[in-house]
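Participant: Mind looking at a prediction? Sequence and model below.
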Amino acid sequence: MSISADDLYRFILENAEEREGQMICRVPTGPWLRTKQTRGNRRLARAKLIKELEERGLVTRPHPQSGWVIVNDPPSSAASANVQFRHDAQATRQRHRRLQSYMRRNVLNGKQFICSSWDEFESSIRADCTFKEGQLSHIGKHYDLTLAARPLRIVVVGQEVGAKGKARTTLAERYANVHGGSGMNKRFVKDGKHPSRNPHMKGTTLALRTILGTGSGIERKGEFINVDGEQVHLFDCFALVNRLLCAAHLTGTSTGMSTKTMLRNCQRHFQATLEILEPTVVVLQGVRMWKWSKNVLVPKRTLSDNLIECSLGGKTTLVAAFSHPSSYGKKPIRWDSPDAPYFKDVVYPTLRQAVPL
């Protein structure tokens, strides 16, 4: 049976005792691991799980070989009993299977790019541009959330994968890049052990924290929410979808050079993706994204300057349209920091209006 870091964290909380103002767990985990029938080397398994909990800021070892741990900011018994978010695991698995099936039939079958618009895409871009095809979406494993019995499905939409992205990226690879690479292996601010996220993912972190109610700070513990009694990272609780599944960039730069041909032909894939995911909240990142999305996210009613009630396949969704977190320009529209004026004055109040926790 596979044991997760959350399983170990629950064991630690259940056996921790207060000593000199700290919650400390000195109970050996070896016997517990044996009862869970963990395969392989139990010592290595424990070390790996403890390391993950340390990276998540939940526990601290006094030294690398320590057999006991200190619990950082332990939740109160009342907080542990009050599970704020719930997750429909079956619904998320079904959406993932449906999206996987669609992409295999229409875009990327394994590593074979089969989109019927491939030739037209490539011929539409300039000769001094690179073209990377078949870059699929990220779907978090806890995507189908509910809050007080109300569904909360969050989709963040960008233009395309950045210039450093690889061609023919599968759903599984994209999940590993976003959740594992940016979420678990990076930090909002580099800390000596982990590099910092790029401006895009910093802005995405702030947007998710705002929607999910963990504040607008940059501390690590604010990136986790309680889902069915487990601490789950924000990047496992949303989907990251790009308007374009292929990317064109000016060679040697990060300047996007997508064409109208690409936007027109990729619309069917964008629409199919959103109709499978059925988001309740969509966050558009990029000043042109709202214009490029109106044929799919059909506006019904304007709620504020940046919040629009839309119809998606006959169902209602809220769309929050912003600049890109890394935007440059004469106006201060960059929002990769909680201190950025655009985040404080536009992004934060708009998302709080969309999801009033």
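Facilitator: The structure has been received and is ready for your questions.

Participant: Shouldn't V232 be within a strand?
Facilitator: Yes - per DSSP: H, G, I helix; E, B strand; the rest coil, V232 lies within a strand segment.

Participant: how about the residue nearest in space to the middle of the chain, what does it touch?
Facilitator: Nearest to the mean C-alpha position of the chain, counting by CA atoms, centre = their mean, stands F235 at 2.8 Å. By CB atoms under 8 Å, 6 or more residues apart in numbering, the contact set of F235 is 138, 140, 178-179, 182-184, 208, 223. C-beta here means a position set from N, CA and C on the backbone, and glycine is covered the same way.

Participant: rerun that using 7 Å as the cut-off
Facilitator: Each residue near F235 by CB atoms under 7 Å, 6 or more residues apart in numbering is listed here: 140, 178-179, 182-183.

Participant: Show me what counts as buried in the lengthiest strand in the chain.
Facilitator: The residue-count maximum for a strand in the chain (DSSP state E) belongs to strand 315-322. By neighbour count with 16 or more other CB atoms under 10 Å, strand 315-322 contains the buried residues 317-322.

Participant: can you check stretch 347-357 too?
Facilitator: 347-348, 350-351, 354-355.

Participant: Repeat that for stretch 200-216.
Facilitator: For stretch 200-216, by 16+ other CB under 10 Å, it's 200-212, 214, 216.

Participant: Stretch 336-346 too?
Facilitator: Buried residues in stretch 336-346, counted by 16+ other CB under 10 Å: 336-338, 340, 342-343, 346.

Participant: re earlier: keep only those of the buried residues of stretch 200-216 that are in helices.
Facilitator: Of the buried residues of stretch 200-216, the ones assigned to helices by DSSP state H are 200-212.

Participant: What is the nearest of the residues you listed to K294?
Facilitator: Ranked by distance to K294 (CB to CB), those are led by A207 at 20.7 Å.

Participant: Just give the closest residue to that closest one, not the sequence neighbours.
Facilitator: Spatial nearest neighbour of A207, chain neighbours left out: V283 (5.3 Å); criterion: CB to CB, 6 or more residues apart in numbering.

Participant: Repeat that for L99.
Facilitator: In space, and not counting its chain neighbours, L99 is closest to I276: 5.0 Å by CB to CB, 6+ apart.

Participant: The residue nearest to A207 and S323, how far apart?
Facilitator: Remark: distance between V283 and S323 (CB to CB, to the nearest Å) = 12 Å.

Participant: Of those two, which one has the most company?
Facilitator: Between V283 and S323, V283 has the larger neighbour count (other CB atoms under 10 Å), namely 28 against 24.

Participant: ok so, going back, looking at the buried residues of stretch 336-346, which one is closest to L171?
Facilitator: Proximity of the buried residues of stretch 336-346 to L171 (CB to CB) peaks at D336, which lies at 26.2 Å.

Participant: Just the endpoints, please. Distance across stretch 124-140?
Facilitator: Start and end residues of stretch 124-140 are separated by 33 Å (CA to CA, to the nearest Å).
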